[in-house]
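[1] just to be clear, the model below is a prediction. Sequence and coordinates:
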Amino acid sequence: MPEVRWEYRWYKDTSSDHKNLITDSEFTIDAVSLTDAGNYHCKAKRGDFSVDSETLRVRVQARPPAFLRMETELSDIMTGDVTLRCNVSDGRQWNYTWFMNEQELNGSSDVLKVTGNEETIESEFKCKGINTERPLYSDLSDGFIANNIIFKRKILLAISGSLVCCIVILIIGCIVLKITRKPEVKETAPEDLFFSMTDSKNKTISPMKEYMDNRSTELEECQEKAELIADRVSAVHEDGVIKDEDTPASEANGLTSFKGLCE
């Protein structure tokens with residue numbers, strides 16, 4: 001009589017449908033996902049005899065996500081290279097694995113320097129974190145293609161270069177114009193001889209007004225001299241003697257000249 005072997009049926013939660021019918025006591029779940037979490041138990045059967053196992057609760061956690069971002073540096077803009085950084089933000093120390101077109105690259109750093117050439121700018125880059133404790137690795141990051149970025153940088157570099165050239169040319173032109181331009185000769189305005197309303201408001205004496213004021217003073221002095229001479233002449237006629245030692249007058253036909261007194 002042949003020996004009857006054990007058969008195993010695996011169950012999840014309270015479902016009566018068996019997960020799998022195998023003759024081995026091990027049950028493997030490939031490509032675990034969040035939907036695989038739950039309570040598992042198995043039933044062993046041999047012939048008419050069967051026995052149920054204890055229930056085992058399986059918890060499934062999503063892998064921490066990996067984030068890939070591009071860092072822009074001035075040297076990258078000038079050379080056309082690209083700097084990529086991978087990060088898993090769960091508070092633990094991670095090493096990193098990089099992929100270019102699904103092929104693993106060497107290195108475990110969180111930074112990857114990509115040289116801008118025809119091959120790399122059209123390639124897709126991804127990364128994931130590697131750890132020594134569970135979870136042993138993170139989820140795979142989204143893909144990154146540098147083609148459009150390199151093209152935009154070239155446009156930006158061309159525009160920036162044009163602007164710098166325009167500014168330099170403008171500065172040089174201003175310097176040359178300042179050196180070669182002749183200084184302006186300021187014309188001296190003729191002095192106004194007449195007294196204006198502006199001079200009156202500013203209390204400024206015009207040359208004409210100053211001359212008239214001086215002339216009035218001279219006339220008054222001349223009049224005083226004439227009166228003084230007239231008094232002396234009257235005194236001389238009364239005495240019948242003509243003496244004029246102090247007055248510089250000239251005599252002609254018995255007349256006294258007062259020329260030069262009022263000049």
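    Thanks, I have it.

[2] helices and strands around the host helix or strand of Ala44, which ones?
    Here Ala44 sits within strand 38-46, counting by DSSP states H and E. Judged by 3 or more C-beta pairs under 8 Å, 6 or more residues apart in numbering; DSSP states H and E, the packing partners of strand 38-46 are strand 7-12, strand 49-52, strand 56-58. Every residue, glycine included, has its C-beta placed from N, CA and C.

[3] right, so these: which one is the most enclosed?
    Among those, strand 7-12 has the highest mean neighbour count (mean count of other C-beta atoms under 10 Å), at a mean of 17.

[4] sheet-wise, list the partners of it with their directions.
    The pairing partners recorded for strand 7-12 under DSSP bridges are strand 21-22 (antiparallel), strand 38-46 (antiparallel).

[5] quick one: which of those strands is nearest Arg9?
    Nearest to Arg9, of all the strands paired with strand 7-12, is strand 38-46, at 4.8 Å by C-beta to C-beta.

[6] buried stuff in that closest one?
    For strand 38-46, a neighbour-count test (16 or more other C-beta atoms under 10 Å) marks 38, 40, 42 as buried.

[7] CA atoms only: put it into CSV for me.
    C-alpha atoms of strand 38-46 as CSV (Å, rounded to 0.1, in the frame of the first residue of the first chain):
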residue,chain,number,x,y,z
GLY,A,38,-3.8,39.9,6.4
ASN,A,39,-4.2,36.8,8.5
TYR,A,40,-2.9,33.5,7.1
HIS,A,41,-3.3,29.9,8.2
CYS,A,42,-2.9,26.5,6.6
LYS,A,43,-4.6,23.1,6.7
ALA,A,44,-2.7,19.9,6.5
LYS,A,45,-4.5,16.9,5.2
ARG,A,46,-3.5,13.3,4.7
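
[8] confirm that Leu177 lies within a helix, as I assumed.
    Yes - counting by DSSP: H, G, I helix; E, B strand; the rest coil, Leu177 is found in a helix.

[9] next, count neighbours for it.
    Applying other C-beta atoms under 10 Å, we find 9 residues neighbouring Leu177.

[10] tell me the confidence at it?
    Leu177 is assigned a predicted lDDT (pLDDT) of 82.

[11] repeat that for the one 4 residues further on.
    Arg181 is assigned a predicted lDDT (pLDDT) of 75.

[12] tell me which stretches of the protein form strands.
    7-12, 21-22, 38-46, 49-52, 56-58, 67-71, 82-87, 95-100, 103-104, 111-114, 124-130, 144-145, 251-252, 255-256 (DSSP state E).

[13] test my guess that Glu7 contacts Cys42.
    No - counting by C-beta atoms under 8 Å, Glu7 does not reach Cys42; the two are 10.4 Å apart.
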